[in-house]
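Novice: Below are the sequence and a predicted model for it; my questions follow.
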Amino acid sequence: MMSKEHVVVIYPHPDDEAFGASGTIAQFREKGIPVTYLCGTLGEMGRNMGNPTFATRESLREIRKKELIEACNVLDVELEMLGYRDKTLEFESREEVADHLYSYLKKIKPSLVITHYPEHAVHPDHDALGAAAIRAVEMLPESDRPTVWAQAISNDSVEKLGEPDIQNDVTPLFKKKLAAIMAHKSQADGMLSTVKNDADDIEQAAKMWLGMESFYIWEY
Amino acid sequence: MQPIDVEQVQQEIEKRANKEVYIHLETTNGAYASHFNKEAYNVGAFIRNAKVTYERGKIVGTENAFRVGLKMDIGWIYAEGISQFEIDENNALLMAGHDREGRLMVALQISEQPFHY
Ligand SMILES: [Zn+2]
């Protein structure tokens, strides 16, 4: 039984929250529900270096950390940086990562956890942290377990998993979502420039990034 | 980073020869290559903080496509597609190649101190 609502978002990369769930996060914040983002890594192995490039492999870490803090300010959420290294989460001990996440969940007692759907989240870090998050929730006594919204982004997710349980139209929060994305300048630059050339692309990208945020309710 | 200046980069490579150095070597086409294009493959490799000593190093190439080779006692370190470089605040020689959208495709970095974990 949840006396107080609190949402915990668990993703591995700075910008996952912006592209994936910032509309949903903004909705919760508008209702006054606290949101905490547990961000797994600093995205230090990211490919995007800004366009034109302004980051290097070595400076990217600090740049993305600043961007992450700014995005969390835009969204008005609490931020906890978990300190793993980008691209390596799947090689860590699943149980240790789950224990680490559990230590936060035990303290926060969330009513809802948002994370990636394991095996359907494309990036190995997404799959690995999503699986650890689901395991961490499972470690809570059944009576204290929050609902888990798992986000699938693979091309065949609807085919394999069916329609998402939660299809959240976040179009009204377009501006907030765009501001959260733009806070991640080193990442947004490259991604936006790849869609600039083609009107169809822009429409598709806008739909993908800005229109709907979908989640599956995880069945324990 | 700035465009490769062969003479300057060559000097920086030589400055770091014949001593223990730390190497970051990487190539990647990203974790989303096959997500956005079914025909594509996800390919990448990196090694961070390999402690080596090279006796000779050279940068060769033209304009946008330089190659760097470091000759070691019993092996080689090689990178292709290098187009930019920088000496960073820790005096590390950073070399990299990016695509048209500014995404890193290849990096070879040489430092006398270990790179951040
Ligand atoms: Zn991500």
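Specialist: Looks like it came in fine. Residues are numbered from 1 along each chain as shown, chains lettered A, B, ... in the order given.

Novice: Report how many residues lie close to residue 42.
Specialist: Looking at chain A here, since you left the chain open. Neighbouring residues of A:Leu42 were enumerated by other CB atoms under 10 Å in any protein chain shown; the total is 24. Every C-beta, even on glycine, is put in place using the N, C-alpha and C of the backbone.

Novice: Hmm, no, I was thinking of chain B.
Specialist: So B:Asn42, with other CB under 10 Å, has 15 neighbours.

Novice: these two touch, right, it and B:Ala33?
Specialist: Yes. Using CB atoms under 8 Å, B:Asn42 is in contact with B:Ala33, at 4.9 Å.

Novice: In CSV, list the C-alpha atoms belonging to stretch B:95-108.
Specialist: The C-alpha atoms that make up stretch B:95-108 are tabulated as CSV, following Å, rounded to 0.1, in the frame of the first residue of the first chain:
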residue,chain,number,x,y,z
MET,B,95,43.5,12.0,-32.2
ALA,B,96,40.1,11.2,-33.6
GLY,B,97,38.0,10.9,-36.8
HIS,B,98,34.4,12.0,-36.9
ASP,B,99,31.6,11.5,-39.5
ARG,B,100,29.6,14.4,-41.1
GLU,B,101,27.3,14.6,-38.1
GLY,B,102,30.2,15.0,-35.7
ARG,B,103,30.0,11.4,-34.4
LEU,B,104,33.2,9.8,-33.3
MET,B,105,34.3,6.9,-35.6
VAL,B,106,37.8,6.3,-34.4
ALA,B,107,40.1,7.5,-31.6
LEU,B,108,43.7,7.0,-30.7
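
Novice: I'd like the mean pLDDT over it, please.
Specialist: The average pLDDT within stretch B:95-108 is 94.

Novice: cool, and stretch B:36-55?
Specialist: Mean predicted confidence for stretch B:36-55 is 91.

Novice: So which residues make contact with it?
Specialist: A:45, A:87, B:17-34, B:70-73, B:77, B:114-115 (CB atoms under 8 Å, 6 or more residues apart in numbering or on different chains).

Novice: pLDDT score for the closest residue to B:Gly61 other than its chain neighbours?
Specialist: Closest residue in space to B:Gly61, ignoring its immediate chain neighbours: B:Arg67 at 5.3 Å, by CB to CB, 6 or more residues apart in numbering or on different chains. B:Arg67 carries a pLDDT value of 98.
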